[in-house]
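Just a sequence and a predicted model for now, questions to come.
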Protein chains: 2
Amino acid sequence: MQDVFQALASPVRRAIIKMLRSRDMTAGDIADALTISKPTLSGHFNVLKAANLVHQRREGTTIIYGLNTSVMEDLLADFLDLMGKEDARGQEEIQP
Amino acid sequence: MQDVFQALASPVRRAIIKMLRSRDMTAGDIADALTISKPTLSGHFNVLKAANLVHQRREGTTIIYGLNTSVMEDLLADFLDLMGKEDARGQEEIQP
DNA sequence: TCATTATTTTGGTATTTTGCGAAATAACGA
DNA sequence: TCGTTATTTCGCAAAATACCAAAATAATGA
């Protein structure tokens, strides 16, 4: 879970996450939306993948990124734990 | 708010936050609980203070740190926003 | 097979972060 | 005022991160 907090530390990566919330996007789409080079963006994707926050699939010559919604849910649970709150189900978490 | 995400990126700082949830503690208490030097810990406190996540008060020769609960609440709101969830007040975010 | 498009990997530099020991600061009590 | 305790600031090195241009890879279609 360390990887996830690390992934969220960058404003660029949080912007990527926000964009992917509305729809899956190609690396190029995201590079156009952000003023950042493609190699740099590719590095950010590696961080997001390491945190398991996004998945990718190839379609022809393009690669399409999407959000791993379930991991985001897990992240919320961890986050609430950090804050000392119960999660939505009222359970105490069992650490995976 | 960038500072807050940055502050959460370090496992050491998240450990500090967790400890401060249960009670206010002196810098020395926390240094004893974590295997980390006091100068290094002091640096982490500066990051937490910059993010406004903790407050400090002096009591004699010791300095006591405590969690800024309201900022943690704000952080939760930002976090839910990042995930595209409504916050406790039922507001929708405006997409940037 | 060759050219084209989309993306990643490589290689390099600059910046930031993390860590420590030594010295400085602050408050106290004798 | 001096010594003690608690903590921070300073100075510096090591490690991690972010960034880009150039080269490499992958898929496609002519």
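Sure thing, it's come through.

Going by C-alpha atoms from here, please, whenever you check contacts or count neighbours.
OK.

What is the helix ranked longest in chain A packed up against?
In terms of residue count, the longest helix belonging to chain A (DSSP state H) is helix A:69-83. Here helix A:69-83 touches helix B:11-22, helix B:69-83, going by 3 or more Cα pairs under 8 Å, 6 or more residues apart in numbering or on different chains; DSSP states H and E.

and the last one, how far out from the chain's middle?
Here helix B:69-83 shows a centroid-to-chain-centroid distance of 12 Å under the convention Cα atoms, centre = their mean, to the nearest Å.

Let me know the secondary structure of residue A:56.
Secondary structure, DSSP: H, G, I helix; E, B strand; the rest coil: residue A:56 is strand.

That one: neighbour count?
For residue A:56, the number of neighbouring residues by other Cα atoms under 10 Å in any protein chain shown comes to 17.

Pairing partners for it in the sheet, please.
Beta-bridge pairing for residue A:56 (DSSP bridges): residue A:65.

roughly how far apart are it and residue B:17?
As defined by Cα to Cα, to the nearest Å, residue A:56 lies at a distance of 34 Å from residue B:17.

do residue A:67 as well
Counting by Cα to Cα, the gap from residue A:67 to residue B:17 is 28 Å.

The two: who's more crowded?
It is residue A:67, of residue A:67 and residue B:17, that has more neighbours when counted by other Cα under 10 Å, with 24 against 21.

could I get stretch A:32-45 in CSV with only the CA atoms?
What follows is stretch A:32-45, C-alpha atoms only, in CSV (Å, rounded to 0.1, in the frame of the first residue of the first chain):
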residue,chain,number,x,y,z
ASP,A,32,-2.1,16.1,-25.0
ALA,A,33,-4.2,17.1,-22.0
LEU,A,34,-1.2,17.6,-19.9
THR,A,35,1.8,19.7,-20.9
ILE,A,36,4.3,17.0,-20.3
SER,A,37,6.5,14.9,-22.6
LYS,A,38,5.5,11.4,-23.5
PRO,A,39,8.6,9.7,-21.9
THR,A,40,7.9,11.5,-18.6
LEU,A,41,4.2,10.5,-18.8
SER,A,42,5.2,6.9,-19.5
GLY,A,43,7.2,7.0,-16.2
HIS,A,44,4.2,8.3,-14.3
PHE,A,45,2.2,5.4,-15.8
